[in-house]
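S.K.: Have a look at this fold, sequence not included:
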Ligand SMILES: Nc1ncnc2c1ncn2[C@@H]1O[C@H](COP(=O)(O)OP(=O)(O)OP(=O)(O)O)[C@@H](O)[C@H]1O
C-alpha cells in the first residue's frame, strides 16, 4: 500500500455493500412436489411462505481499492469472499449500498466457462475474444499463453478437447488466458490453489507483474502462503462482515491466531 492518499487512484469503491441470495424451495421439504402442491392449494402467500429463503451473504462491507494494490480476501468457508468478488465484477446485484469501479473488472474463477468439447487451442482463441482481444493480439500472444499454462509440457495437449484435461490443467489454462491481458481490475478466485507448486510460483510472478502494470488484483485464497507472497493488503471477511482490513502480515497473523491455521 502507498503511504499517502494523494497520488492514489481508486479503482474499486465498495460502500456499505449488502448481498442477499434468494433460494427457492430452500426450507425443509419445500422444494418437493407435495410441498409445491400444498402451496398451490393454499394459494399465494408471502415470500417466506412460498419457500423462498434469503441468505444474507455480504453485510455492510466498505473499502476502497487503489491502483497498484494486490488485495487478498480471506475468511473461513462461506464467509462471503466469492460473493463479494462476484458483486464487484457486476455479476450480482447489491441489496443495499453500491460498488463503484474504474474500468471493467474481470473475474477469473476456476469455474470460468470454457468449452469442454473444444480443444485448448480453440478455447485460447475464444477466451481471448471474450476478453475483448483482437484476433491479431491473440495470435501474437498465443504461444506465450500456451507456454505459461504449461499444458504442453507433457505432450501435445493443447490440441485435445479440454474435457480430457485434469482439473489442475483446466485451471492453469484459464489462468493463462486471463493473465494474457492487462486488466484494470483482475479478480482471481482460488485459481492458484489448483495448479501445482511450479505453476503457482509462475502465476504469483504474473500477479506481481499485473500489479506493476498499474492494475488492481484481488485474490481469494485459502492458502495463507499465496496471500503472503502476492498481496500487500488483506480483507478478512467472516459471516459476510469485514472483520479486518490492513497490511497482509497484521491481518494474516490475527486470522491465524483466531482460526489456528
Ligand atoms: N448461489 C447461491 N445461492 C444461495 N446462497 C449462496 C449462493 N452462493 C453462495 N451462497 C451462500 O452465501 C454465503 C457466502 O458464500 P461464498 O461462496 O461467498 O463464501 P466463500 O467465503 O467464498 O466460501 P469458500 O471459502 O467456501 O469458497 C454462504 O452462506 C453460501 O451458502
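M.R.: Nice, thanks for sending it over. Quick caveat, the model's predicted, so the values are computed rather than measured.
S.K.: these two touch, right, residue 100 and residue 17?
M.R.: No: between residue 100 and residue 17 there is no contact under Cβ atoms under 8 Å: 10.6 Å. Every residue, glycine included, has its C-beta placed from N, CA and C.
S.K.: gap between the residue nearest the centre of the chain and the ligand?
M.R.: Residue closest to the mean C-alpha point of the chain, counted by Cα atoms, centre = their mean, is residue 189 at 3.3 Å. Taking Cβ to the nearest ligand atom, to the nearest Å as the measure, residue 189 and the ligand are separated by 8 Å.
S.K.: Could you do residue 170 as well?
M.R.: For residue 170, the distance to the ligand (Cβ to the nearest ligand atom) stands at 18 Å.
S.K.: Up against the ligand, what does the chain have?
M.R.: 21, 23, 55, 57, 75, 77-83 (Cβ under 6 Å from any ligand atom).
S.K.: circling back to that earlier point, settle it for me: which of residue 100 and residue 17 has more neighbours?
M.R.: Set residue 100 next to residue 17 and count neighbours by other Cβ atoms under 10 Å: residue 17 wins out with 26 against 12.
S.K.: Quick check: nearest residue in space to that one, chain neighbours excluded?
M.R.: Using Cβ to Cβ, 6 or more residues apart in numbering and skipping the chain neighbours, the partner closest in space to residue 17 is residue 97 (4.2 Å).
S.K.: Touching, that neighbour and residue 16? I think so.
M.R.: Yes: contact criterion Cβ under 8 Å: residue 97 and residue 16 qualify, at 3.7 Å.
S.K.: more neighbours, these two?
M.R.: More crowded of residue 97 and residue 16, by other Cβ under 10 Å: residue 97, with 17 against 12.
S.K.: Can you give me every residue that contacts that one?
M.R.: By Cβ atoms under 8 Å, 6 or more residues apart in numbering, the residues touching residue 97 are 14-18, 60-62.
S.K.: Just send those residues back as TSV, with secondary structure and pLDDT too.
M.R.: Rendered in TSV, the data for those read as follows (DSSP: H, G, I helix; E, B strand; the rest coil; pLDDT from 0 to 100):
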residue	secondary structure	pLDDT
14	strand	97
15	strand	98
16	strand	98
17	strand	98
18	strand	98
60	strand	97
61	strand	98
62	strand	98
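S.K.: most surrounded residue in these?
M.R.: Neighbour-wise, the contacts of residue 97 (other Cβ under 10 Å) top out at residue 17, 26 neighbours.
S.K.: was I right about that one contacting residue 96?
M.R.: Yes: using Cβ under 8 Å, residue 17 is in contact with residue 96, at 7.5 Å.
S.K.: shared neighbours of these two, which are they?
M.R.: Counting by Cβ under 8 Å, 6+ apart, the residues touching both residue 17 and residue 96 are residue 60.
S.K.: Pull up the distance across stretch 188-206, start to finish.
M.R.: 12 Å (Cα to Cα, to the nearest Å).
S.K.: in the chain, which spans are strands?
M.R.: Assigned by DSSP state E, the strands in the chain fall at 10-24, 52-66, 70-74, 96-101, 105-109, 185-189, 216-220, 233-238, 241-247.
S.K.: partners of residue 108 in the sheet?
M.R.: Counting by DSSP bridges, residue 108 forms beta bridges with residue 188.
S.K.: Contacts only, for it.
M.R.: Here residue 108 is in contact with 174-175, 178-179, 186-189, 191 (Cβ under 8 Å, 6+ apart).
S.K.: And for residue 156, the neighbour number?
M.R.: Residue 156 - counted by other Cβ under 10 Å - has 9 other residues nearby.
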